[in-house]
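J.: All I have is the shape, not the residue letters:
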């Protein structure tokens, strides 16, 4: 069973039909929507500020979601995928976003909808990522506009696949 911890009398709240891997950790001021999944060794730490997670969000293996005490919060919109070993810290992510494996998204970043943050990208503090593009590199920069094919073929496909994968574990 996942480790769910209260911090200062605040307990994480989970929506309906969520899957939590047995070694996922969720603590403090975390509110998660419906149809979400938190995978193996992922950590969502709402101990120092609030974390709000929309519907159909997947936090993949080894990812860390955290904030900065009294300064930054995390808000993840709907249909967001946070790739393996990514770090999402004190930022706002709109709907329909894919954050690639090993990417780092720092404090006060704002990521617009229908966007891909490439694997290994480092989105530095305060960056405003416009909607409908791909950001890549260190530091991350816009590399191109995103096509409708990438929105449905990557962003939607991955979010839908993780909803399917989580159902496999519920059958056990």
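T.: Now that the structure is in, tell me what you want to look at. Values in this document were obtained by computation on a predicted structure and should not be read as measured data.

J.: Just the element for residue 34, please.
T.: Under DSSP states H and E, no helix or strand contains residue 34.

J.: Which strands and helices lie in contact with the longest helix along the chain?
T.: Longest helix of the chain, by residue count under DSSP state H: helix 157-170. When contacts are defined as 3 or more C-beta pairs under 8 Å, 6 or more residues apart in numbering; DSSP states H and E, helix 157-170 sits against strand 19-20, strand 37-38, strand 58-59, strand 80-82. Every C-beta, even on glycine, is put in place using the N, C-alpha and C of the backbone.

J.: Including mean pLDDT, distance to residue 74 and mean neighbour count, could these go into JSON lines?
T.: Shown next, in JSON lines, are those (pLDDT from 0 to 100; distance: least, C-beta to C-beta, whole Å; neighbours: other C-beta atoms under 10 Å):
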{"stretch": "strand 19-20", "mean pLDDT": "97", "distance to residue 74": "18", "mean neighbour count": "22"}
{"stretch": "strand 37-38", "mean pLDDT": "98", "distance to residue 74": "14", "mean neighbour count": "27"}
{"stretch": "strand 58-59", "mean pLDDT": "98", "distance to residue 74": "11", "mean neighbour count": "28"}
{"stretch": "strand 80-82", "mean pLDDT": "98", "distance to residue 74": "10", "mean neighbour count": "28"}
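
J.: Distance to residue 159 for those - can I get that in a markdown table?
T.: A markdown table is the format used below for those (distance: least, C-beta to C-beta, whole Å):
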| stretch | distance to residue 159 |
| --- | --- |
| strand 19-20 | 13 |
| strand 37-38 | 10 |
| strand 58-59 | 7 |
| strand 80-82 | 5 |
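
J.: doesn't residue 151 fall inside a helix?
T.: Yes. Counting by DSSP: H, G, I helix; E, B strand; the rest coil, residue 151 is located in a helix.

J.: And it, what's its pLDDT?
T.: The per-residue pLDDT reported for residue 151 equals 88.
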